[in-house]
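In: Can you look at this prediction? I've put the sequence above it.
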Amino acid sequence: MEQTGQQRHFHIPLTEHDSARQAFIEPSETISPRDVPGACVITFFGDVVDRLVERRGARVLVENRWEDGPHPLLEVEHLGERLAVLRSGVGAPLAGALLEEVIAMGCRAFVVCGGAGALHSELTLGHFVVVSAAIRDEGTSYHYLPAARSIQFDEAARSVLEEVLKTRGAPFVVGQTWTTDAPYRETPGKIAHRRAEGCLTVEMEAAALAAVARFRGVPLAQVVYCGDDLAGDSWDHRSWQNLSDVREDLFDLAASAAIALSRASA
Ligand SMILES: O=P(O)(O)O[C@H]1O[C@H](CO)[C@@H](O)[C@H]1O
Ligand SMILES: O=c1cc[nH]c(=O)[nH]1
């Protein structure tokens, strides 16, 4: 990886971690708890959420209107049980803050499903990766936990998710992801470096979601499907957002896992 300029000795603001529990805008003081399901799927798949409303009668519990529009919390029945579904937003700050809100509302066990770029050519389009750890190359997690290179995902929550995938015969691999804030600064040097330190995928939320969940003491697991390919000489988009069957399938698995996780942690 090329390094430019002289290394100067100063602390970037993100390393100024404040361990105070109480924030000025404390979610539990500004958001009232309500009757929401304990099990919650957090997803970035807007198309899947739209179909849940159209075909499975999902109803909006809370609109969650932000400046860019709504990020609703919905409820749908899954395998005869109540399930909450959060239509999250892309990027660590928004995904992390929306998780804060649904924790304050009363959701208690979380499974995240999304997409990610593949850093290895064997990770074919649609391959599932259960996240075991994330490189903290984003900013949000530093506001929740002291600075460190990576964060481990909750192992107990991860094994509940893995068990559901195995029982349903869904092939997957387990590994570390690279959470970035800057998808247009994934340089060849950084990609090689992250691959060398064991990352399978790149996405934009995992490290932040794991940090918020650990800070608030709620179980959270994450699974992604491999989308675009960053392993070759040039970027291959692989039309990854068109995989509606894979997205439906992954959502369904995440829903079953969220219910199992809610039962296991009750
Ligand atoms: O949005 P999902 O499907 O998680 O996947 C990835 O795609 C988005 C960037 O294009 C980021 O959110 C990143 O995490
Ligand atoms: O953050 C992301 C997500 C998908 N693909 C990328 O290259 N980066």
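Out: Yep, that arrived. Ligands and ions are numbered 1, 2, ... in the order given.

In: near ligand 2, which residues of the stretch 151-266 of the chain show up?
Out: Residues of the stretch 151-266 of the chain found near ligand 2 (Cβ under 6 Å from any ligand atom) are 180, 183, 186, 202-204, 227-228, 230. For every residue, glycine as well, the C-beta is placed using N, CA and C.

In: rerun at 8 Å
Out: Listed as neighbours of ligand 2 in the stretch 151-266 of the chain under the rule Cβ under 8 Å from any ligand atom: 180, 183, 186, 201-204, 227-228, 230, 235, 240.

In: same thing with the stretch 1-150 of the chain?
Out: Counting by Cβ under 8 Å from any ligand atom, the residues of the stretch 1-150 of the chain close to ligand 2 are 115-117.

In: can you do 6 Å?
Out: Within the stretch 1-150 of the chain, the positions adjacent to ligand 2 are 116-117 by Cβ under 6 Å from any ligand atom.

In: all strands for the stretch 1-150 of the chain, in order.
Out: Ranges of strands in the stretch 1-150 of the chain, per DSSP state E, counting those that start in this stretch, are 39-43, 59-62, 65-66, 69-70, 73-78, 81-87, 109-118, 128-137, 150-152.

In: what's in contact with the last one?
Out: Think strand 150-152. With Cβ atoms under 8 Å, 6 or more residues apart in numbering as the test, strand 150-152 has contacts from 132-136, 141, 145, 176, 207, 210-211, 214.

In: filter those to the buried ones?
Out: Using 16 or more other Cβ atoms under 10 Å as the burial test, those include 132-136, 141, 145, 176, 207, 210-211, 214 as buried.

In: Now find how far off-centre stretch 218-234 is within its chain.
Out: Once both centres are worked out by Cα atoms, centre = their mean, to the nearest Å, stretch 218-234 turns out to sit 10 Å from its chain's centre.

In: Could you do stretch 125-143 as well?
Out: 7 Å.

In: start to end distance for that stretch?
Out: Taking Cα to Cα, to the nearest Å as the measure, stretch 125-143 stretches 34 Å from start to finish.
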